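[1] sequence first, predicted model second:
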Amino acid sequence: MPKPTARNTPRETGNDAAGEKQRELQREQDRKDEAKNRQGGEKQDKAVQAGAREQPEPPLPEQHLEKPGVEAQMALKPQFLAPDYRGSGKLKGMVALVTGGDSGIGRSVAVLYAREGADVAIVYLNSHEDAEETKRYVEKEGRQCLLIPGDVKDSKFCKTAVEKTIEQFDRLDVLVNNAAFQLHAGSLEDITDERLDETMRTNIFGYFYMARAALPHLKRGSCIINTGSVVGLRGSSHLLDYSATKGAIHAFTMSLASNLIDKGIRVNAIAPGPVWTPLNPADAPAAKVAQFGRQSDMKRPAQPEELSPAYVFLASPVCSSYITGIVLPVTGSVGD
């Protein structure tokens, strides 16, 4: 029998050494995992605070509001003033019309627009107390505020709202389509024709009507900003009709942007994630409201003041003159 030679003598190869190195790295991570488990694991429920001031986090008050939802009746009032935001004249001399501007995101947008130098017209359904409160804060910023109650489902009203804005301020530079109707449903069968009509006509017909009414008054440098939603990006099993309208708003935004680009009129959308406004306590049961926003990566809902600076950015010609047709996600989650 021949003696083993150097060529066929078993020896450790480079591949074997690499494999052992990987096993050692694995064992090291296993030891860290075991230590972490003994200490009770990672804290998964702590909300993320990354702003200028700490924001409310779950559990939130267990409260259910009657529609359309009045901000003045909320046990925990939304943060909308953005006290650390300093205006710098980004919208000086401009006029904005904001639908759903009486409360929630719309209120915060109206206040920051005023802080940046714009007069504001607010369209709202019937929450007069909220609208008057918004007007007071706009006027505290040194700007004028026109309140226009009415229903954006009515195309004649939308035309009238624009005409009143022009009559009051003699111009229109920014249209923010923000009014919305939302109601959860366990199944498709729960969505009646009446309800589907209400959601579609408020959320997408209203955007068409307002944009169509505003267009003859918009000039080069003007813009339209539509409020979409994270559920328009990824859907929602319990917001079937609402999600459909938000997806339509995103498509409408990109289509209208293409249609108006030669006129120098920009059209963009913002897709919020969970935001603490009257819209949600006026939809979800009280127990579910208490955990609202916990499903986001930041494990809390946004406050309106965390959304409104994005609306300033997209409205200001000095900030976003080269941006049109985008849907900007502000969702509190990675990848949305």
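    Right, received. Where do you want to start? Residues are numbered from 1 along each chain as shown.
[2] wait, what's in contact with the closest residue to Ile261 other than its chain neighbours?
    For Ile261, ignoring the flanking residues on the chain, the nearest one in space by CB to CB, 6 or more residues apart in numbering is Thr324 at 6.0 Å. Heads up, the C-betas are built off the backbone N, CA and C, glycines and all. Shown in contact with Thr324 (CB atoms under 8 Å, 6 or more residues apart in numbering): 257, 261, 266-268.
[3] so which of these belong to helices?
    Judged by DSSP state H, these include Ala257 as members of helices.
[4] among the contacts of Thr324, which pair sits farthest apart?
    Ile261 and Asn268 (11.8 Å; CB to CB).
[5] list residues touching both of these two?
    With CB under 8 Å, 6+ apart as the test, Ile261 and Asn268 both reach 324-325.
[6] neighbour-wise, which of these two wins?
    Asn268 (25 against 13; other CB atoms under 10 Å).
[7] ok, what's across the strand from the more buried one?
    Under the criterion DSSP bridges, Asn268 forms beta bridges with Ile225.
[8] what's near enough to touch it?
    Contacts of Asn268 by CB under 8 Å, 6+ apart are 223-226, 253, 257, 314, 320, 323-328.
[9] try it again with 10 Å
    223-226, 228, 253-254, 256-257, 310-311, 313-315, 320, 323-328 (CB atoms under 10 Å, 6 or more residues apart in numbering).
[10] repeat that for His250.
    226, 228-229, 232-233, 269, 271, 326-327 are the contacts of His250 under CB under 10 Å, 6+ apart.
[11] in the stretch 1-150 of the chain, which spans are helices?
    14-38, 104-115, 128-140 (DSSP state H, counting those that start in this stretch).
[12] if we can go back for a sec, okay, the contacts of His250 in JSON lines with pLDDT and distance to Thr160 next?
    As requested, those are exported to JSON lines (pLDDT from 0 to 100; distance: CB to CB, whole Å):
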{"residue": "Asn226", "pLDDT": "98", "distance to Thr160": "21"}
{"residue": "Gly228", "pLDDT": "98", "distance to Thr160": "26"}
{"residue": "Ser229", "pLDDT": "97", "distance to Thr160": "27"}
{"residue": "Gly232", "pLDDT": "96", "distance to Thr160": "29"}
{"residue": "Leu233", "pLDDT": "96", "distance to Thr160": "33"}
{"residue": "Ala269", "pLDDT": "98", "distance to Thr160": "25"}
{"residue": "Ala271", "pLDDT": "98", "distance to Thr160": "29"}
{"residue": "Ile326", "pLDDT": "98", "distance to Thr160": "31"}
{"residue": "Val327", "pLDDT": "98", "distance to Thr160": "29"}
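[13] now render the residues you listed as a markdown table, adding neighbour count and distance to Thr277.
    As requested, the contacts of His250 are exported to a markdown table (neighbours: other CB atoms under 10 Å; distance: CB to CB, whole Å):
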| residue | neighbour count | distance to Thr277 |
| --- | --- | --- |
| Asn226 | 25 | 17 |
| Gly228 | 27 | 15 |
| Ser229 | 29 | 12 |
| Gly232 | 25 | 17 |
| Leu233 | 18 | 19 |
| Ala269 | 28 | 17 |
| Ala271 | 24 | 15 |
| Ile326 | 18 | 23 |
| Val327 | 19 | 19 |
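[14] and these, which of them are in strands?
    226, 269, 271, 327 (DSSP state E).
[15] and the closest residue to Asn226 other than its chain neighbours, what does it touch?
    Nearest-residue entry for Asn226: Ala269, 4.3 Å, with adjacent residues in sequence omitted and distances by CB to CB, 6+ apart. Applying CB under 10 Å, 6+ apart, we find Ala269 in contact with 177, 207, 224-229, 232, 246, 249-254, 256-257, 314, 325-329.
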